[in-house]
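Participant: mind folding the following:
(one chain, ligands or ions: 1)
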Amino acid sequence: MKKMLIGSIVLTTVLAAIAYAVVPSADAPTPAQVAAARGKYLVTAMGCADCHTPMKLGPNGPEPDLARSFSGHPSELVMPPAPKLPPGPWMATVAATMTAWSGPWGTSFTANLTPDPETGLGKWTADDFVATLKTGRHMGRGREILPPMPIPAVKNLSEEDMRAMFAYLQSVPAVKNLVPDPLPPADAR
Ligand code: HEC
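Facilitator: Modelled structure (predicted):
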């Protein structure tokens with residue numbers, strides 16, 4: 001009797017162990033979800049939203065406009081020409097949204113990183129994203145990406161981390177927002 005009981009306990013334990021090993025639990029994250037979670041951690045810690053999510057004036061002062069997360073410089077905010085700075089150590093100016101920047105490189109507008117296919121990164125592949133961050137050129141083959149996009153810093157990320165960041169950015173809500181092209185430096189106009 002005692003032998004049978006021990007036998008059945010052993011059998012149950014063995015069966016449970018096999019079930020645990022071969023049947024994935026219903027809520028175990030997929031590799032894609034694991035990558036997106038790592039990407040979210042990296043994108044958050046690296047402050048990508050600081051420039052790519054427009055700031056708005058809230059009840060307690062400036063705050064990120066979360067309805068436009070990662071959508072870049074708002075298309076309806078047409079900026080007047082950037083002020084010409086007097087000679088001296090001041091070098092750059094920035095819009096209150098933190099999405100338009102002017103300096104010796106001209107005026108640059110932060111890109112739409114949401115998965116909108118027409119105005120964001122919806123048609124990009126992970127390879128396009130990796131090539132952009134590694135080379136500092138649009139999709140790795142287009143024009144050079146201007147300051148203050150921190151290419152000198154982000155190009156040091158591992159390819160795996162870049163892919164994780166892309167997976168996360170492709171998972172945020174798409175926002176249709178056409179960002180203007182950069183303007184040349186005032187002196188060259
Ligand atoms: C200090 C501001 C700033 C920060 C922080 C920043 N960016 Fe940018 N980013 C820009 C600006 C400005 C542009 C547009 C430059 C241009 O038009 O040449 C840009 C462009 C890009 C582009 C190129 C889009 C294209 O169409 O070629 C990608 C991709 C990008 N940023 C991703 C990121 C990611 C990912 C992070 C976080 C690691 C990040 N950015 C952080 C300012 C910033």
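Participant: residues near Met149, how many?
Facilitator: When neighbours are counted by other Cβ atoms under 10 Å, Met149 registers 19. For every residue, glycine as well, the C-beta is placed using N, CA and C.
Participant: and Ala67, by the same measure?
Facilitator: When neighbours are defined as other Cβ under 10 Å, Ala67 has 11 of them.
Participant: which helix or strand contains the residue lying closest to it once chain neighbours are set aside?
Facilitator: Distances taken as Cβ to Cβ, 6 or more residues apart in numbering put Val175 closest to Ala67, at 8.0 Å, once the chain neighbours are dropped. Using DSSP states H and E, Val175 maps to neither a helix nor a strand.
Participant: tell me the contacts of Val175?
Facilitator: 67-71, 112, 114, 116, 120 (Cβ atoms under 8 Å, 6 or more residues apart in numbering).
Participant: so Ala164 sits against Gln33, correct?
Facilitator: No. Shown here, Ala164 and Gln33 do not form a contact pair, counting by Cβ atoms under 8 Å, at 10.9 Å.
Participant: picking that back up, quick one: the contacts of Val175 as CSV, columns for distance to Val94 and pLDDT too.
Facilitator: Compiled in CSV, these are given as follows (distance: Cβ to Cβ, whole Å; pLDDT from 0 to 100):
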residue, distance to Val94, pLDDT
Ala67, 21, 98
Arg68, 17, 98
Ser69, 19, 98
Phe70, 18, 98
Ser71, 17, 98
Asn112, 18, 98
Thr114, 22, 98
Asp116, 24, 98
Gly120, 22, 98
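Participant: who's in contact with Leu169?
Facilitator: Leu169 neighbours (Cβ under 8 Å, 6+ apart): 39, 43, 70, 113-115, 121, 129.
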